[in-house]
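Student: requesting a structural model of the entry that follows:
(chains A, B, C and D)
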Protein chains: 2
Amino acid sequence: MSPARARTSRAAIVAAARDLLEADGLEAVTMATVAARVGVKPPSLYKHVRDRAALLAALATDTTEELGRVLAQVDDSPAEPPEIRLRALAGAFRDFARRSPRASAMLFADLGPGVHAPVEAAGLAVRPVIEVTTALVGPTAALPAARVLTAFAYGFTSMESAGAFRLGGDVDEAFRLGISTLAEGLRAAGH
Amino acid sequence: MSPARARTSRAAIVAAARDLLEADGLEAVTMATVAARVGVKPPSLYKHVRDRAALLAALATDTTEELGRVLAQVDDSPAEPPEIRLRALAGAFRDFARRSPRASAMLFADLGPGVHAPVEAAGLAVRPVIEVTTALVGPTAALPAARVLTAFAYGFTSMESAGAFRLGGDVDEAFRLGISTLAEGLRAAGH
DNA sequence: ACCTGAACACCGTTCAAGT
DNA sequence: ACCTGAACACCGTTCAAGT
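Tutor: Reported below is the predicted structural model:
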């Protein structure tokens, strides 16, 4: 008797995977390296995650949920003008992307069939953006405006952490330019 | 004597890799599947590419060069107003991304250490964008403006092909909104 | 000069057997 | 109920041997 007590957990496994991802890239996230990091043998992981694809999906979900908490905390003063709130959200997302660049690049990426954060987590993370665009352009135009802002911020930070800006110049300035232009332009368009 | 004549080529290998990538995703691009598709055994590939990472880099380069040709061909009438040229470039990029969604998502992505298209190919592909932003906002502000446009278009198409827009609504409209907003907003800001 | 078969280390995954 | 060792198919890569 005395069945084996859990020596690890799903949360610890996901955290280990995220650490390995940020440290050494996605190809370094193997069942063996993750298992070693949480102190078990590879087969034991299958008691906590279905397979590697499910582990990556859980990693994406974890990242999405953390981002959702960060953005919700940043956007806690709806009395501010929407442009100010938007700049704060964008800045927080960029900081998040710099803290977890590889996990952030996976937020909206194609990770194989059915491998992405569930709609609930994604919806929750994007909610602050939609709330701000609602204040900015009204409820009917809020979704496309949020998509535009998200696409820009995600594309920019993904390119940045991949080292895709290789022509010199001030990268910070370009990010601020994008957010400012979109904030003002969307407001002007969305009467 | 009569040393073995090449039964395949680097170009054929890259093309096979791209086909496999678009058909079944990056994890389906193995040395074995690529070799089978070009009609050789896996070890033969190493006479043409250093390793799998180099093959993926060559794939990214090939994609970047093709995009460069497409964009250069689209932007062949510098007499048009920059907003029109910009819309044409953006539309061509989106078409390209829909034709080769997985390869396009790799254009500016982190594919491992040193695995991305060389600066020359990337610079050539982005040249039409910089030329248009030069016409739009002047030479000093052209680079950040081009970065903003590229980040938006790349982020948007990557999200789109990954299936990240899951809240309904008109995705085409959102793309047009982004390009219009940026074209007008950047011009207004870049006197 | 390129191709192949054989070989190796590694990876994801399964499963019977332990506690 | 979770853990492990052993096993399997597969993958990237090397290399000696073919032509």
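
Student: how far off centre is the helix or strand where A:Gly155 lies?
Tutor: A:Gly155 is part of helix A:142-161 when elements are defined by DSSP states H and E. Distance of helix A:142-161 from the chain centroid (Cα atoms, centre = their mean, to the nearest Å) equals 11 Å.

Student: equivalent analysis for stretch A:66-85, please.
Tutor: Taking Cα atoms, centre = their mean, one finds the center of stretch A:66-85 at 16 Å from the center of the full chain.

Student: other residues contacting that stretch?
Tutor: A:88-89, A:92-93, A:96, A:100, A:104, A:107, A:121, A:124-125, A:127-129, A:131-133, A:135-136, A:183-184, A:187 (Cβ atoms under 8 Å, 6 or more residues apart in numbering or on different chains). Every C-beta, even on glycine, is put in place using the N, C-alpha and C of the backbone.

Student: swap the cut-off to 6 Å and go again
Tutor: A:88-89, A:92, A:96, A:124-125, A:128, A:132, A:135-136, A:183 (Cβ atoms under 6 Å, 6 or more residues apart in numbering or on different chains).

Student: tabulate those (JSON lines), appending distance to DNA strand C, neighbour count and pLDDT.
Tutor: Below are the contacts of stretch A:66-85 laid out as JSON lines (distance: Cβ to the nearest atom of the strand, whole Å; neighbours: other Cβ atoms under 10 Å in any protein chain shown; pLDDT from 0 to 100):
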{"residue": "A:Ala88", "distance to DNA strand C": "38", "neighbour count": "18", "pLDDT": "97"}
{"residue": "A:Leu89", "distance to DNA strand C": "35", "neighbour count": "21", "pLDDT": "98"}
{"residue": "A:Ala92", "distance to DNA strand C": "32", "neighbour count": "17", "pLDDT": "98"}
{"residue": "A:Phe96", "distance to DNA strand C": "26", "neighbour count": "20", "pLDDT": "98"}
{"residue": "A:Leu124", "distance to DNA strand C": "28", "neighbour count": "18", "pLDDT": "95"}
{"residue": "A:Ala125", "distance to DNA strand C": "26", "neighbour count": "23", "pLDDT": "97"}
{"residue": "A:Pro128", "distance to DNA strand C": "34", "neighbour count": "26", "pLDDT": "97"}
{"residue": "A:Val132", "distance to DNA strand C": "39", "neighbour count": "28", "pLDDT": "98"}
{"residue": "A:Ala135", "distance to DNA strand C": "44", "neighbour count": "18", "pLDDT": "97"}
{"residue": "A:Leu136", "distance to DNA strand C": "43", "neighbour count": "23", "pLDDT": "97"}
{"residue": "A:Ala183", "distance to DNA strand C": "42", "neighbour count": "25", "pLDDT": "98"}
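
Student: and the angle for the helix holding A:Gly155 with helix B:142-161?
Tutor: The directions of helix A:142-161 and helix B:142-161 differ by 110 degrees, with axes from the mean of the first three to the mean of the last three Cα atoms, to 10 degrees as the criterion.

Student: and helix A:142-161, what's buried?
Tutor: Within helix A:142-161, the residues that count as buried by 16 or more other Cβ atoms under 10 Å in any protein chain shown are A:142-161.

Student: name the nearest residue to A:Thr150, ignoring sequence neighbours.
Tutor: Nearest residue to A:Thr150, sequence neighbours excluded (Cβ to Cβ, 6 or more residues apart in numbering or on different chains): A:Val129, at 6.1 Å.

Student: hmm, the longest helix along chain A touching DNA strand D?
Tutor: Among the elements of chain A assigned as helix by DSSP state H, the one spanning the most residues is helix A:52-74. No - applying Cβ under 7 Å from any atom of the strand, one finds helix A:52-74 separated from DNA strand D by no less than 12.6 Å.

Student: for that helix, give the mean pLDDT please.
Tutor: Mean pLDDT, helix A:52-74: 97.

Student: buried residues of the helix or strand following it, list them for me.
Tutor: Moving toward the C-terminus from helix A:52-74, the next helix or strand (DSSP H and E) is helix A:82-99. Buried residues in helix A:82-99, counted by 16+ other Cβ under 10 Å: A:82-83, A:85-90, A:92-94, A:96-97.
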